[in-house]
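J.: Coordinates for the following, if possible.
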Amino acid sequence: MRYDRKYLICGLTYAIAGMALGMAMAASHNHEQRVTHAHLLLVGFVTSMMYGIIHNLWLNEVTPRVAKVQFILHNLGATTMIIGLFLLFQQALPEQQLGPILGMASATVMAGMLLMLWMVIKTGKLDK
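T.: Purely as a prediction, here's the structure:
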């Protein structure tokens with residue numbers, strides 16, 4: 001499966017999870033998970049969809065191994081971040097335990113973003 005399609009599927013999955021969380025917060029009148037909700041939609045949905053568009057329009061000739069590493073970094077970091085935030089705002093685990101995990105998740109998402117930038121620059125095909 002091509003990476004544009006993989007990102008489309010992941011992005012829509014994040015969107016469904018984010019919308020479900022938003023609906024649950026609205027129904028319960030408990031908005032403590034609003035930060036988790038926002039990260040699900042921005043880091044999960046929006047970023048994944050943008051990566052899918054970038055792959056579709058500009059990265060057809062990218063090295064498959066590099067694209068795979070970038071895909072794994074983004075989704076591992078995003079998923080870890082979202083779960084960590086959920087546990088933090090649910091007060092399931094203390095911030096002292098979750099802080100380092102959230103820091104590593106953020107760094108992983110950033111590494112994925114930097115690798116995406118590297119792939120875009122390396123292809124040199126921004127004139128499409």
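J.: measure Val66 to Ala24 for me?
T.: Distance of Val66 to Ala24, computed by C-beta to C-beta, to the nearest Å: 38 Å. Heads up, the C-betas are built off the backbone N, CA and C, glycines and all.
J.: The two: which is more packed in?
T.: A direct count of neighbours by other C-beta atoms under 10 Å for Val66 and Ala24 places Val66 higher, at 15 against 12.
J.: contacting residues around the more buried one?
T.: Contacts of Val66 were listed using C-beta atoms under 8 Å, 6 or more residues apart in numbering, and they are 115, 118-119.
J.: So which of those is the closest to Gln70?
T.: Lowest distance from Gln70 to the contacts of Val66 (C-beta to C-beta) belongs to Leu115, with 4.2 Å.
J.: what packs against the helix or strand hosting that closest one?
T.: Assigned by DSSP states H and E, Leu115 belongs to helix 95-123. With contacts taken as 3 or more C-beta pairs under 8 Å, 6 or more residues apart in numbering; DSSP states H and E, helix 95-123 sits against helix 47-58, helix 64-89.
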